[in-house]
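Colleague: Sequence first, then the predicted structure, then my questions.
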Amino acid sequence: MLSYRYPALPLPAVGRYTRLLRLSPGEFSDVLHVELEQVLLDGISNYEALSYVWGSTAHPVPILVGPSREHTISVTQNLATALQHLRDAKEFRILWVDAVCINQHDLKERSYQVTLMSNIYRNACQVVVWLGPEDDDSFHAFNVFHDIGSKIDVNWIDHSFKPKVADDNSSSSELEDLRNYRFRDEEIHAVNRLLQQQWFERLWIRQEIGLATQAIICCGRLSMPWPLFRDAIYFIYTEGFKLMLEALGDQIASFASRISLVYGLCERRVYFLDWLRKDLAHVVCADPRDRIYAILSLLPPSQRNIAFDPDYTRDVALVYQDTTIRFINHTKNLSILLQCELQDTPPHMPTWVPDWSTELKAEQYLADSSNASANIKSIATSKGEGMLSVAGVAIATIEDVQPMHFGGSEHDFQAMLLALWKMVVFNLAIINDTHISHLSATFDALCGGLFRHSTIPVREELPEFKSVMQTFKLISTTNSPLVDHLDSVSHWNKYKTRVRGMCRNRCFFVTTEGSVGIAPLSARPGDIVCVILGCYCTLLLRPSVDDTYQVVGQSYMPGFETGEALLGPLPEHLRLVSYYNEYLNQFHLAIWNEHTKEIQYKDPRLDKLLTKPGFRVCDWGENSLPSIETSVEALRNAGIAVQYFDLV
């Protein structure tokens, strides 16, 4: 048998051409045979697109190609098994399968076909998800998903569900019955095993299933509609997990991680470049360039113009750097720098470029009520040779750092808190005091500023700041057990949960100017805390002898996270909050007025500034704080000590 040689596809100038695979009918054990046809993608939809995992390339399986059956293409065993199961006994089946329909040895063709994949999956009459062959208990898992998914309607916009209404207009099941759904032990373990399939962690399937207009999910001969599976995952993630704990035993942690990954896949249809490293932390792909290429069609409208054609001949570092520059130039926003984290090993790319191929040690966090740069758009210029010049204000220099390990017990948690407070007291004994209470600032920093007073309406899962402070003072000054003060226990426990998540792989710092905060573990004395224009959180930079700076990573420093470095403090009756707008169905930044008990979007600190030359208000919608375009010269003329930082 001869290896199949792909005829070249027509040039893109002629039209958007791809290939479709005609899978010949046959019995399960018959040799696989396909025919390939070049087709113009526009207007065609009489095919199914396969979403699967290539699997190991060891021991490839030959399939026959063409009418003469004299040529072969080698495919992975997983794909061969999928085609055997999907093959009809009597009819041809028209499919699009990337490993066969794209000449994988032609980088130019491969790069171009990747640009068409969003249209290929969007136009397909159906996307077929292939998880793999059946296991002994796959049947139990599919039964659970089908049973739950057929009983509920999920609203993925407001994240709620209700019983599905039957044809006779009566409820098919009571809500309480659903919330007390009885999982048998064998079903729980079957669900756990099915969700461990590699398909769920594969990067490209986010596009393939996210763009599908209709889809089914298959495991061996078992199949079910994707919407039923998706709704069942919502229920298990939000309600069912707690009903499974006893049966899961020592598998609780692994299942929790897995169900979270699968829930994210089912929930998310849009990916933001400035959150990409966090959102794709546990997702795998063979080529690190695909961390960008695979999500270009899933960017939100505000970032869609950043997209560019994939090019697999380019170096990974250049792809990441170009993506970062495109984002900054298009959005006038430097929040993408919050995905950067200085590692111990020498960087293989500039420190201002996120390394999307690796996970962050300290997970990127959204400081819901932070607006360090006061919505002033970025001033940034790429100088070439891996240098990016950005404008901002240096506000503090780190004096001392302390890694944080809060442990799992109450004793360990309190011991770490007391150690940090002693560190603050020791360092601040030799420097001037600041306008903000150091104890309050310490507790604010450890929680990333997210307390009940920082959201409107109040989020019940968040701790109450005053209660937490009172509890700590009680602990540090008396020997009475915490359980003797039950009114404080709930808020204290919520605070502990928040702190343990926020401070994982982070350090606590004290500055020479008397401030405190948290930063990545790589922070060290001499690093500078900065407010960078266009960046909603403070950023830690490390100065070099040649007047350049490395990006250490995202920091949080109370007293400078709501525009104080540029505009001064807000009046006491105003505070920046994360406000839930029911009309928009989302949280966004707003100002809470304690006098009027109302939300406002006018920042009084801007009144005087906007009368000066060189400032222009833009993007001021009915439900948003205004964005401001300006220049370094205008800011300096207004008395704001802005400088340039050359990042390398």
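Modeller: That came in fine, so what should we check first?

Colleague: can you list the domain ranges for this structure.
Modeller: 2-124, 138-216+223-267 (automatic domain parsing).

Colleague: For V284, find the nearest of those domains.
Modeller: Distance to V284, taken as Cβ to Cβ, is lowest for domain 138-216+223-267 among the domains of the chain, at 5.3 Å. C-betas here are computed from N, CA, C, even on glycine.

Colleague: chain center to that closest one: distance?
Modeller: 21 Å (Cα atoms, centre = their mean, to the nearest Å).

Colleague: quick check: mean pLDDT across that domain?
Modeller: The average pLDDT within domain 138-216+223-267 is 88.

Colleague: Same question for stretch 1-19.
Modeller: 93.

Colleague: what kind of secondary structure is K494 in?
Modeller: Secondary structure, DSSP: H, G, I helix; E, B strand; the rest coil: K494 is helix.

Colleague: how about it, what does it touch?
Modeller: 461-463 (Cβ atoms under 8 Å, 6 or more residues apart in numbering).

Colleague: now it: how far from F560?
Modeller: Distance, K494 to F560, using Cβ to Cβ, to the nearest Å: 25 Å.

Colleague: in the chain, which segments are predicted with low confidence?
Modeller: For the chain, applying pLDDT under 70 flags the ranges 166-176, 344-346, 367, 430-436, 478-487, 584.

Colleague: For it, list the residue farthest from the centre, please.
Modeller: S68 (48.9 Å; Cα atoms, centre = their mean).

Colleague: helix, strand or coil for the residue nearest to Y263 when sequence neighbours are not counted?
Modeller: Excluding its sequence neighbours, the residue lying closest to Y263 (Cβ to Cβ, 6 or more residues apart in numbering) is Y237, at 4.1 Å. Per three-state DSSP, the local secondary structure of Y237 is helix.

Colleague: in the stretch 301-450 of the chain, which spans are helices?
Modeller: 316-331, 410-428, 438-446 (DSSP state H, counting those that start in this stretch).

Colleague: Determine which of these approaches R182 most closely.
Modeller: helix 410-428 (34.6 Å).

Colleague: Buried ones in that closest one, by neighbour count?
Modeller: 413-414, 416-417, 420-421, 423-424, 427-428 (16 or more other Cβ atoms under 10 Å).

Colleague: residues in contact with the spatially most central residue of the chain?
Modeller: With distances taken as Cα atoms, centre = their mean, D279 lies nearest the centre of the chain, 2.1 Å away. Neighbouring residues of D279 by Cβ under 8 Å, 6+ apart: 264, 268, 271-272.

Colleague: Mark which of these are buried, thanks.
Modeller: With neighbours counted by 16+ other Cβ under 10 Å, these contain buried members at 264, 271-272.

Colleague: could you redo those residues as TSV and give each row secondary structure and distance to G149?
Modeller: Compiled in TSV, those are given as follows (DSSP: H, G, I helix; E, B strand; the rest coil; distance: Cβ to Cβ, whole Å):
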residue	secondary structure	distance to G149
G264	helix	18
Y271	coil	25
F272	coil	29
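
Colleague: Between those residues, which sits nearest I94?
Modeller: Y271 (30.0 Å).

Colleague: quick one: contacts for the closest one?
Modeller: 206, 279-280, 295, 298-299.

Colleague: Among the residues you listed, which lie within helices?
Modeller: 206, 279 (DSSP state H).

Colleague: so how many other residues sit close to the residue lying closest to S378 once chain neighbours are set aside?
Modeller: Leaving aside its chain neighbours, S378 sits nearest to G534 (2.6 Å; criterion: Cβ to Cβ, 6+ apart). Residues within reach of G534, counting by other Cβ atoms under 10 Å, total 23.

Colleague: Lovely, talk soon.
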